[in-house]
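1. Here you go, sequence then predicted model.
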Amino acid sequence: MRSFFAACLLSSVLPWSVLCQTTPGVENEIAQQSAEPEEKTPGATLPTKQGPPTIKNKDIVETKTAAPFKRMPHYVLQDQGSIWTSPFHTKRNEIKWWAIFGGATAALIATDKYTVKEFPNTTDQVAVGTWSSRIGAAYSLIPISAGFYLLGTKTHDQKFRETGILCFETLIDTTIVETIVKSATDRARPLESDGKGHFWDSSGGPYNASFPSGHAINTWALASVIAHEYSNHKIVPVLAYGFASIVVVARLAARKHFPGDVVAGGVTGWFIGDYVYGRRHNPNLDEKASAVQKVLAHVRIGLSF
């Protein structure tokens, strides 16, 4: 009963889960928004009203390395406001997706204690999973983001540069969401307590709780940004989401998380990445082919031959 109550609670707590009934006032607000034409950043999956871009046009000319970072704290505050109030400004045609993913997460949470028993759970499995998990840790993802930004700045590839700065902003957003939800749920990991993933039962403290998976939310957020930036090159989304999928499987193999943890983290991370891209992308950067796009074009031509 306690786990069932937690599953229902989490379905309404997570930013992307809208399973509760709205009040008449909120329904009217949603109806008004649904009547308005949707504004969608080119390349973004969900309709997101464009905000101030992270890489402004003046940054393209001046190429000041630190300028975009000075704006980031203000942008992150705006992001958090939108993320946590998302249930109140979700359009009717989007609610079905929130319900699907929220319901799937609740179902996985309810069956996690049975699912984890189906894995081999051998010593080798745990060892390989633990080692593979390292590619999704903060000490791997931060250098990846920095690499994008610094290389883009050095070569004047503004799209590459924007990818890096959006990855940084997205990682900050996911870390805040992850920390708050972990602290609120304090779910035990598969090797803690009786192994059934009870909420408010973690022995590692609320910041080290199992739900949601920090590796999953961060890697899927990063993959979402990169895939959106280079969505016109099929190989990039495949590599980005393949990378994130490996991390998710590794966390399950390492017995650090339940399936419900990684699915909730992955979906939440993807949505946050899509939102940040839609909100902060500068469409002017799409007009000129970047160095990376030229390389990918040659790769595509080579593969066709």
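-> That came through fine. Numbering: from 1, shown residues only.

2. so where is the stretch 201-305 of the chain shaky, pLDDT-wise?
-> 287-305 (pLDDT under 70).

3. ok, 50 please
-> Where the stretch 201-305 of the chain drops to pLDDT under 50, the residues are 293, 296-305.

4. quick one: the helices in it?
-> Assigned by DSSP state H, counting those that start in this stretch, the stretch 201-305 of the chain shows helices spanning 214-229, 235-253, 259-280, 291-304.

5. Pick out the residue closest to the middle of this structure.
-> Nearest residue to the geometric centre of the chain (CA atoms, centre = their mean): G269, 1.5 Å.

6. hang on, isn't T54 packed against Y277?
-> No - shown here, T54 and Y277 do not form a contact pair, counting by CB atoms under 8 Å, at 9.9 Å. Where you see a C-beta, it was placed from the backbone N, CA and C, and this is true even at glycine.

7. any common contacting residues for those two?
-> Listed as contacting both T54 and Y277 by CB atoms under 8 Å, 6 or more residues apart in numbering are L166.

8. quick one: which of those two has more around it?
-> Set T54 next to Y277 and count neighbours by other CB atoms under 10 Å: Y277 wins out with 28 against 25.

9. which non-adjacent residue is nearest that one?
-> H228 (4.3 Å; CB to CB, 6 or more residues apart in numbering).

10. From the structure, what's the count of residues near that neighbour?
-> By other CB under 10 Å, 25 other residues sit near H228.

11. Equivalent analysis for G205, please.
-> That count, for G205 with other CB under 10 Å as the rule, works out to 10.

12. who's in contact with it?
-> Residues near G205 by CB under 8 Å, 6+ apart: D186.

13. and if you look at I246?
-> S132, I135.

14. same thing but 7 Å
-> Neighbouring residues of I246 by CB atoms under 7 Å, 6 or more residues apart in numbering: S132.

15. From I60, how far out is it?
-> Look at I246 and I60: by CB to CB, to the nearest Å, they are 34 Å apart.

16. coming back round to it: any idea how far P259 is from the residue nearest to Y277?
-> Note on H228: its distance to P259, by CB to CB, is 26 Å.

17. now L285
-> Separation of L285 from P259 (CB to CB): 38 Å.

18. which stretches of the stretch 1-150 of the chain have low pLDDT?
-> In the predicted model, the stretch 1-150 of the chain carries pLDDT under 50 at residues 1-13, 15-38.

19. let's go with 80 and repeat that
-> Applying pLDDT under 80 to the stretch 1-150 of the chain flags residues 1-49, 58-66, 87-98.

20. helix, strand or coil for H198?
-> Look at H198: counting by DSSP: H, G, I helix; E, B strand; the rest coil, its state is coil.

21. Give me the neighbour count for the nearest residue to it once chain neighbours are set aside.
-> Excluding its sequence neighbours, the residue lying closest to H198 (CB to CB, 6+ apart) is A188, at 5.4 Å. By other CB under 10 Å, 22 other residues sit near A188.

22. Contacts only, for A188.
-> G197, H198, D201, S202, S203, S210.

23. Closest one of these to L171?
-> Nearest to L171 among the contacts of A188 is S210, at 20.1 Å by CB to CB.

24. Quick check, that closest one in contact with H257.
-> Yes - using CB atoms under 7 Å, S210 is in contact with H257, at 5.6 Å.

25. Now list whatever residues contact both of those two.
-> With contacts defined as CB under 7 Å, 6+ apart, the residues adjacent to both S210 and H257 are R189.

26. Give the buried residues for the one helix or strand G152 maps to.
-> G152 belongs to helix 138-155 when assigned by DSSP states H and E. For helix 138-155, a neighbour-count test (16 or more other CB atoms under 10 Å) marks S140, L141, I144, S145, F148, Y149, L151, G152, T153 as buried.

27. Please enumerate residues in contact with it?
-> The contact list for helix 138-155 (CB under 7 Å, 6+ apart) reads 63, 65, 134, 158, 160-161, 163-165, 167-168, 171, 218-219, 222, 291.

28. Keep only those of those residues that are in helices.
-> 158, 160-161, 163-165, 167-168, 171, 218-219, 222, 291 (DSSP state H).

29. Which one of the contacts of helix 138-155 sits in the busiest neighbourhood?
-> Per-residue neighbour counts (other CB under 10 Å) across those peak at T219, which has 32 neighbours.

30. Test my guess that that residue contacts A137.
-> No - under the criterion of CB under 7 Å, T219 is not in contact with A137, lying 9.4 Å apart.

31. which residues do the two both contact?
-> Common contacts of T219 and A137 (CB under 7 Å, 6+ apart): none found.

32. Compute the distance between Y275 and P53, please.
-> Relative to P53, and taking CB to CB, Y275 is found at 14 Å.
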